Structure formats: structure tokens, C-alpha cells
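> structure for the following, please:
(one chain, ligands or ions: 1)
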Amino acid sequence: MQVRRTYPKDYGKWLNVAFAAVLAFGLAGCQAGGAGHGDASSKEQVLAEPVSEETMESLREISGEGAASDVPVAPAPDIEVAPDVTSAADDEAEKGVAESGESDEAVSSDEGKGGLPSAADLSIVEDYRAGFDHGPKPAAFQKYIVLHDTESDSDAAAIIDWWDGNGNQVAAHFIVNRDGTIWQCVPLDRIAHHAGYGDTGHNDRYGIDEDGRDDMAGSTPIGGDFADYAMNAWSVGIEMVHVGGEGDYPEEQLRAVDDLIAYIDASFGFESEIIDHKAWRSGNSDTSAEFADYLESYRATRKHA
Ligand SMILES: [Zn+2]
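Numbers count the residues shown, from 1 in each chain. Just a heads-up that it's a prediction; the model follows:
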């Protein structure tokens with residue numbers, strides 16, 4: 001894996017008003033569609049959804065936990081792990097996990113995985129932003145990989161800038177572009193706000209709870225049918241650049257997702273259960289209908305086909 005560190009760039013000159021509006025509403029459809037979110041059978045329906053969850057209402061400062069990381073990384077020999085992923089941290093919550101850490105639901109055998117990504121297969125561009133970090137998520141609290149559509153044609157670089165600039169503190173750990181390039185903006189062992197509130201009762205259904213690790217900064221309760229909020233603290237989020245109803249996912253993008261999932265598995269040392277966003281919150285549109293067969297394949301084989 002080649003790790004290339006990048007720094008914030010000025011995309012302002014081409015982020016014109018129309019572009020920003022489309023991006024805003026598109027991401028609102030993915031990130032924040034709450035009660036009443038439709039089935040995304042029409043793009044207009046998605047774009048009309050309000051930003052009801054991770055609103056700008058609560059812009060508390062992120063606590064001083066920063067981006068320290070201590071994921072127990074167990075990479076394959078041919079995977080070069082970014083320095084940030086292996087640096088030490090002294091978070092008390094993480095120490096507690098190390099002592100009592102059990103994750104009997106997520107751990108499974110590595111046998112039969114069909115090979116790990118090679119250095120040539122996976123190139124991740126790191127673009128970490130402090131505002132996306134919402135607390136510790138050491139391996140004992142990692143159970144799920146949640147797949148999303150961006151509901152925008154914009155590429156990862158522009159999306160990360162938009163996330164960082166809108167004040168909602170929403171982001172996924174990874175964005176996979178249509179050409180297969182992968183961007184990462186939150187470390188694997190930190191909480192990102194990508195899943196938001198889920199169906200009432202889903203904390204129990206998914207075997208997770210709100211244990212206080214997530215600072216919940218920027219989140220706004222939905223209540224009613226979507227009252228549960230624990231998935232962010234127990235998962236890794238992957239956004240695929242895709243708009244529901246606008247065609248298939250490119251092979252390059254799907255192969256990159258294959259490699260990324262293998263990389264995440266290798267990093268944690270076990271296979272997390274793969275779900276999509278609408279499994280967590282049934283009102284969501286993502287992933288879109290054209291991903292259904294791929295999702296079934298991912299859940300069965302960890303590859304798209
Ligand atoms: Zn989503």
C-alpha cells in the first residue's frame with residue numbers, strides 16, 4: 001500500500017454555488033435522512049430530504065482527544081500501515097477495553113478469505129480532519145463495516161472539504177471514488193459520524209450500546225422510530241461515490257471496495273459484519289437498489305462478486 005499524505009487544498013474556485021447546493025442536498029440524503037426518508041425511487045425525493053440529524057445546531061468543540069490511535073494492527077506482510085494508525089494513545093477508555101476486551105460477535109476466522117490486498121492493489125490518500133473525530137473506537141468496539149452511497153457525483157477530495165466546511169462534523173472513515181482511488185479522513189480506531197440515528201431497538205438488535213465514547217458532537221436526536229444511536233461507535237464507514245438510480249458501480253470502484261474491506265479486516269485481525277446504511281436506519285436510501293446483489297455478495301464472501 002502506498003500511503004500518500006495530502007493537505008487541505010483550495011477547491012473554492014470550482015465549488016460554485018450550484019455545485020455546493022447539489023453536494024449539500026445529496027449528502028443530506030445519505031447522512032441525515034431520518035424519519036420519513038423515502039425509498040429513493042426518485043432523485044428529487046432524496047434531494048428534498050431535510051438535514052434533520054447531524055445539524056449545525058450543536059457545534060461543540062471536540063474534546064482534546066485528538067487523533068491519537070492505538071488500533072491493534074495486524075496487517076498482512078505486504079501491507080504498509082500508515083504511521084498514524086500505529087501511534088500510541090493513553091485514553092482511559094481504551095485501557096479499559098484492553099483489559100476486558102472481548103468481541104465474540106465480530107471475531108471470525110481468517111480462513112478462506114481469498115487473499116489480502118497487495119501493495120499494488122491499495123493506495124489510500126490520507127486527509128484527516130480533527131473535526132471528524134468523535135472519540136475512541138479500539139478493536140474491542142469494532143463490529144461492523146457500514147457501506148454508504150454519497151448520493152453525489154463529486155469526488156472524495158471535494159466531499160471531504162464539504163464535510164469539513166459545513167459544520168455538521170459528519171464524515172465516513174473512507175470514500176471510494178468511481179475510479180477506485182480511496183481516501184481516508186478518520187483513523188480506523190476513532191469514531192466517525194457516518195451512521196447517525198437508527199431504528200428504535202437497533203442498538204439491541206445489533207448488540208451495541210451508547211457507552212459514552214462517542215461525544216455525539218453535532219448530532220441532533222430524531223426520536224420516535226429512530227431513537228437509537230450507537231452504530232458510529234462500533235463501526236467503520238465507507239462511502240462509495242454513487243448516486244442511486246444513475247447506473248451501475250464501476251468495476252474499478254467495486255474492486256477497490258473489495259481491497260479496502262480486506263485491508264480493514266487485516267488491520268483489526270478479524271472480519272467485521274458488513275451492512276449498509278439502510279439496514280441501520282430503515283428510512284435511508286443508501287445503499288441504492290443497484291447495489292443489492294453486490295451487498296449480498298459482500299456479506300457472504302467479502303467481495304462484490
Ligand atoms: Zn449513508
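> tell me how far the residue of the stretch 101-250 of the chain found nearest the ion lies from residue 264.
Ranked by Cβ to the ion, the top residue of the stretch 101-250 of the chain for proximity to the ion is residue 148, at 3.3 Å. Placement of C-beta: from N, CA and C, glycine included. For residue 148, the distance to residue 264 equals 15 Å [Cβ to Cβ, to the nearest Å].
> over to residue 237?
In this view, residue 237 and residue 264 are 11 Å apart by Cβ to Cβ.
> who's more crowded, those two?
Neighbours per residue (other Cβ atoms under 10 Å) separate residue 237 from residue 264, with residue 237 holding more: 25 against 20.
> so what's that one up against?
Contact analysis of residue 237 by Cβ atoms under 8 Å, 6 or more residues apart in numbering lists 145, 146, 148, 171, 172, 173, 174, 192, 194, 195.
> isn't the fifth one right up against residue 186?
Which is residue 172. Yes. Between residue 172 and residue 186 there is a contact under Cβ atoms under 8 Å: 7.4 Å.
> what's the burial count for the residue of the stretch 151-300 of the chain found nearest the ion?
Residue of the stretch 151-300 of the chain nearest the ion, by Cβ to the ion: residue 277 (3.5 Å). Neighbour count for residue 277, taken as other Cβ under 10 Å: 25.
> pretty sure it sits against residue 150.
No. Applying Cβ under 8 Å, one finds residue 277 not in contact with residue 150, separated by 11.1 Å.
> list the neighbours of the helix or strand residue 278 falls within that are in contact with it.
Using DSSP states H and E, residue 278 falls within helix 277-280. For helix 277-280, the surrounding residues in contact (Cβ under 8 Å, 6+ apart) are 30, 146-148, 194-195, 198-199, 202, 206, 231, 284-287.
> output the contacting helices and strands for the longest helix along the chain.
For the chain, the helix with the greatest residue count under DSSP state H is helix 251-268. Contacts defined by 3 or more Cβ pairs under 8 Å, 6 or more residues apart in numbering; DSSP states H and E place helix 251-268 against strand 144-149, strand 174-176, strand 235-240, helix 292-301.
> C-alpha coordinates for that helix, PDB please?
This file holds the C-alpha atoms of helix 251-268, laid out as PDB (Å, rounded to 0.1, in the frame of the first residue of the first chain):
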ATOM      1  CA  GLU A 251     -15.700  -2.300 -11.700                       C
ATOM      2  CA  GLU A 252     -12.700  -0.300 -10.600                       C
ATOM      3  CA  GLN A 253     -14.700   1.100  -7.700                       C
ATOM      4  CA  LEU A 254     -16.000  -2.300  -6.600                       C
ATOM      5  CA  ARG A 255     -12.600  -3.900  -6.800                       C
ATOM      6  CA  ALA A 256     -11.300  -1.000  -4.600                       C
ATOM      7  CA  VAL A 257     -14.000  -1.700  -2.000                       C
ATOM      8  CA  ASP A 258     -13.000  -5.400  -2.100                       C
ATOM      9  CA  ASP A 259      -9.500  -4.500  -1.300                       C
ATOM     10  CA  LEU A 260     -10.500  -1.900   1.300                       C
ATOM     11  CA  ILE A 261     -12.600  -4.400   3.200                       C
ATOM     12  CA  ALA A 262      -9.700  -6.900   3.100                       C
ATOM     13  CA  TYR A 263      -7.400  -4.200   4.400                       C
ATOM     14  CA  ILE A 264      -9.800  -3.300   7.300                       C
ATOM     15  CA  ASP A 265     -10.100  -7.000   8.200                       C
ATOM     16  CA  ALA A 266      -6.300  -7.300   8.200                       C
ATOM     17  CA  SER A 267      -5.900  -4.200  10.300                       C
ATOM     18  CA  PHE A 268      -8.300  -5.400  13.000                       C
END
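> that one vs helix 292-301, what angle?
With axes from the mean of the first three to the mean of the last three Cα atoms, to 10 degrees as the basis, helix 251-268 and helix 292-301 are set at 30 degrees to each other.
> buried set for helix 251-268?
For helix 251-268, burial by neighbour count (16 or more other Cβ atoms under 10 Å) applies to 253-268.
> next: stretch 176-184.
Of all the residues in stretch 176-184, those buried under the rule 16+ other Cβ under 10 Å are 176, 177, 178, 180, 181, 182, 183, 184.
> ok so, going back, mutual contacts of residue 237 and residue 264, please.
Common neighbours of residue 237 and residue 264 (Cβ under 8 Å, 6+ apart) are residue 145.
> which residues does the spatially closest residue to residue 253 that is not a sequence neighbour contact?
Nearest-residue entry for residue 253: residue 178, 5.1 Å, with adjacent residues in sequence omitted and distances by Cβ to Cβ, 6 or more residues apart in numbering. Neighbouring residues of residue 178 by Cβ under 8 Å, 6+ apart: 155, 241, 242, 249, 250, 252, 253.
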